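In: have a look; sequence and predicted model below, questions after that.
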Amino acid sequence: MNKTVNINLAGTFFHIDEDAYLKLQRYLDAIKRSFTDSQGRSEIIADIEARIAELFNERVQNDKQVIRIKEVDEVISIMGQPEDYMVDDEIFEDEPQPSYQRKSTASRKLFRDTDNSYIGGVSSGLGHYFGIDTIWIRLAWILLIFGMGTGFLLYILLWILVPEAKTTAEKIMMTGEPVNISNIEKKIKDGFETVSGTVSDVAKNVTDSVSGAAKNVSDAAKKVDFQKQGNKMKSSSKNFFDTLAEIIMFFFKVIAKFIGIFLILVGAFALIALIIGWFSFGVADIVHIPGMDFVNIAIAGNSPVWLASLLAFFAIGIPFFFLFYLGLKILINNLKSIGNIAKFTLLGLWLFSIIGLVVIGLREASEHAFNERVIEKQELFITANDTLEIKMEENDLLRNRYRHDSFKVVNNENGVPTIFSSDIDIIVKSTTDSLATISIEKSADGRNYDKAIARAKNINFNYTLKGNTLQLNSHLSTNAKNKFSDQEIVVVLNLSEGSVVKFSNNTRRYLNHSIASNYVNHYLNVVEDGIECNDCEDDEFDIDVDIPNIKIDENGIEIKADKSSLKINDKGINAESEEVKVKIDSDGINIKSDN
Amino acid sequence: MKIENTKAQMRKGVLEFCILSVLKDEDAYVAEILGTLKDAKLLVVEGTIYPLLTRLKNAGLLNYRWEESTSGPPRKYYGLTETGKLFLKELNTTWSELQNAVNLVTNQKKQH
């Protein structure tokens, strides 16, 4: 009894035995593979199917007759083997060479041969590749494993990287034979034979063990047993390593997923932060939130802030976007590609942003190419030999409003945005001249000399002299139009030798260059090479450390641990531990030990 | 070098010429063409003809039409195009030249 299949061959209906059907299908598939699309494959196949239908029709007397494997064999022998369909293309030189011609000369490729494997099929794959017997490769592995275990690592690496020969075509490529129909057929037949071989082996084995009579038969059985043992071992070792490989792959996948999640989080957070940042920035630029003028003013080159921030947004955001995308791709295997157009647009936009930022940066830098100064020198009419007191006068606009900021943008009395900066230096120079002078050096950056000079001139800085008190503005100011371009004031006081000067406390931070901070609030004598202090103490004790277990202050050093301590102070040194105590003081050295 | 390959090549070389010649006078469907060629023992297996027919059709030497048949599905009737006719004429000349040449050479050898 046979199962039958109904088929429609070129529009005609046939009953066909299942095995005959499978054979016919294999045959048609093999023919299909011998043509390329450029040769008009579908049309050829349709013609062939039509002819086969015709041939079947000739062999079928009535509708109820079934096509058996015999009919299929007959038809195949009439139609010819798949090779017979191949046309020698050298005859037709105007036709492009079909690809199978190239493949026939293709060299062998490295695959893992899992059919003949003990572990991952790497060795037999290499054996095929180099054309040597696999046993030598396996021996080499064993030697390599004893040599520092490099073989082990290399094997794992190859196992991961080298693909497994899955399809018949790959298996043929592995051995270096040309991929053509007859080879594929042969390979498939071989496969059948090994299967049927093992089946018959098993059958033989069973019958042999049952009968066990004739000696030569049992010998054969032994042989088979031995072979089977080998196969068994092979398969069990393969199973073990397959499971191991699966476990390892699982862990790799888990790690990969974690990396993916990490990338997504990083990318997403960066993008969100950027978008929020950019929005507040952009909105601020349009709505003019007072504090945000700061940025506008800082950009001296007049480049629009929104453009710079947009460029920065793209320059930073696009790489993060790709990071995010990469994370998604790792996490979701069959993620739809965003498409090459999108990718290249983003890449182009990124490059453009980078270039734009560089241009803006260069413009900004060129704004600082020249640093010029204007000097205003005036006499200070002070009573000779009387003490000159110097104070800083805080601008009303800044007072109470901010803590002492070095840089601020505030609307002045007339409502004009104004930059205030405390970039002021006070320098004292001694002169033999009896007349004291003050010179105010204003300096600023600019793209060229004129611009720099103009900006320097636009700096407002005033002082007042009341009696013997010189009051200096605590901040220089300039119209915000002038932008922040490193405006700086240096106040040079030329005082005659022998006069006395006193800096009040609030000048401390302006005296970076010339006067030590402990001179502040003391009467200072102007002498030939600078200033001298008569009643200044030495520098105050500056260090004051007080963290748990460590204390450093004017009293000394104290370090404590669980069971030991160290004290250094006026009295001497005292070191204690669980077992020994050392004391150095006015009495001498004293060492005590518990033991 | 296998004798089968050389034989097959010789046959395949003239096969196109023969297909065109079969269609010289009247259109025919594949089974008819096959019958003629098989009777002449030019074809051993039928499969060879299909790619050739498609190739000739794609080259514009042949065209085909569908014709209803009394015993089964419609049949593909092949016929020569004008180009095909010219092509065949030229092949005919070449063939007779070749025939002469081959005859000459092979007969000469026999005389030795």
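Out: Arrived safely, thanks for sending.

In: enumerate every residue touching the residue nearest to A:Asp570 when sequence neighbours are not counted.
Out: Among residues not flanking A:Asp570 along the chain, A:Gly556 sits closest, at 6.8 Å (Cβ to Cβ, 6 or more residues apart in numbering or on different chains). (Glycine included, C-beta is placed from N, CA and C.) Contact analysis of A:Gly556 by Cβ atoms under 8 Å, 6 or more residues apart in numbering or on different chains lists A:567-570.

In: export those residues to JSON lines and tack on secondary structure, pLDDT and neighbour count?
Out: JSON lines is the format used below for the contacts of A:Gly556 (DSSP: H, G, I helix; E, B strand; the rest coil; pLDDT from 0 to 100; neighbours: other Cβ atoms under 10 Å in any protein chain shown):
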{"residue": "A:Lys567", "secondary structure": "strand", "pLDDT": "86", "neighbour count": "18"}
{"residue": "A:Ile568", "secondary structure": "strand", "pLDDT": "87", "neighbour count": "16"}
{"residue": "A:Asn569", "secondary structure": "strand", "pLDDT": "85", "neighbour count": "14"}
{"residue": "A:Asp570", "secondary structure": "coil", "pLDDT": "82", "neighbour count": "7"}
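
In: circling back to that earlier point, tell me the pLDDT at the residue nearest to A:Asp570?
Out: Predicted confidence (pLDDT) for A:Gly556: 81.

In: of all the contacts of A:Gly556, which comes closest to chain B?
Out: A:Ile568 (102.8 Å; Cβ to the nearest Cβ).

In: so what's the closest one bridging to?
Out: A:Ile568 has the following beta-bridge partners by DSSP bridges: A:Ile557, A:Ile573.

In: test my guess that it contacts A:Ile557.
Out: Yes. Counting by Cβ atoms under 8 Å, A:Ile568 does reach A:Ile557; the two are 4.5 Å apart.

In: biggest separation within the contacts of A:Gly556, which pair?
Out: A:Lys567 and A:Asp570 (10.6 Å; Cβ to Cβ).

In: for the residue in chain A positioned nearest to chain B, what are its contacts?
Out: Chain B sits closest to A:Gly80 of chain A, with a gap of 2.6 Å, by Cβ to the nearest Cβ. When contacts are counted by Cβ under 8 Å, 6+ apart, A:Gly80 touches B:44-48.

In: contact residues of the stretch 1-150 of chain A facing chain B?
Out: Residues of the stretch 1-150 of chain A lying close to chain B by Cβ under 8 Å from any Cβ of the partner chain are A:10-12, A:31, A:35, A:39-40, A:43-44, A:47-48, A:50-51, A:53-54, A:57, A:77-82, A:84-88, A:91-92, A:95.

In: which of the residues you listed count as buried?
Out: Neighbour counting over those (16 or more other Cβ atoms under 10 Å in any protein chain shown) leaves A:10, A:12, A:31, A:35, A:39-40, A:43-44, A:47-48, A:50-51, A:53-54, A:78-82, A:84-87 as the buried ones.

In: so B:Leu43, which state does it fall into?
Out: Secondary structure, DSSP: H, G, I helix; E, B strand; the rest coil: B:Leu43 is coil.

In: touching, it and B:Ile49? I think so.
Out: Yes. Using Cβ under 8 Å, B:Leu43 makes contact with B:Ile49 at a distance of 6.7 Å.

In: so for those two, which sits in the more crowded spot?
Out: Taking neighbours as other Cβ atoms under 10 Å in any protein chain shown, B:Leu43 and B:Ile49 compare with B:Ile49 leading, 24 against 21.

In: ok, now how distant is the more buried one from A:Tyr449?
Out: For B:Ile49, the distance to A:Tyr449 (Cβ to Cβ, to the nearest Å) stands at 93 Å.

In: what is the most widely separated pair among the contacts of A:Gly80?
Out: B:Val44 and B:Gly47 (9.7 Å).

In: which one's more surrounded, the two?
Out: B:Gly47 (23 against 15).

In: just to be sure, the more buried one is in a strand?
Out: No. Under three-state DSSP, B:Gly47 falls outside any strand and is assigned helix.

In: contacts only, for it.
Out: Counted by Cβ under 8 Å, 6+ apart, B:Gly47 has contacts A:31, A:48, A:79-82, A:84-85.

In: one more time with 7 Å, if that's ok
Out: Taking Cβ atoms under 7 Å, 6 or more residues apart in numbering or on different chains, we find B:Gly47 in contact with A:79-80, A:84-85.

In: and these, which is closest to B:Thr70?
Out: Of those, the one sitting nearest to B:Thr70 (Cβ to Cβ) turns out to be A:Met79, at 24.3 Å.

In: leaving out sequence neighbours, find the closest residue to the closest one.
Out: Nearest non-adjacent residue to A:Met79, counting by Cβ to Cβ, 6+ apart: B:Gly47, 4.5 Å away.

In: over to A:Ile119?
Out: Spatial nearest neighbour of A:Ile119, excluding adjacent residues (Cβ to Cβ, 6+ apart): A:Phe241 at 4.5 Å.

In: which strands and helices sit next to the host helix or strand of B:Ala101?
Out: In this structure, B:Ala101 sits in helix B:82-111 according to DSSP states H and E. Contacts defined by 3 or more Cβ pairs under 7 Å, 6 or more residues apart in numbering or on different chains; DSSP states H and E place helix B:82-111 against helix B:3-22.

In: what's the angle between the helix it packs on and helix B:82-111?
Out: Counting by axes from the mean of the first three to the mean of the last three Cα atoms, to 10 degrees, helix B:3-22 lies at 140 degrees to helix B:82-111.

In: tell me the buried residues in helix B:3-22?
Out: B:8, B:11-12, B:15-16, B:18-22.
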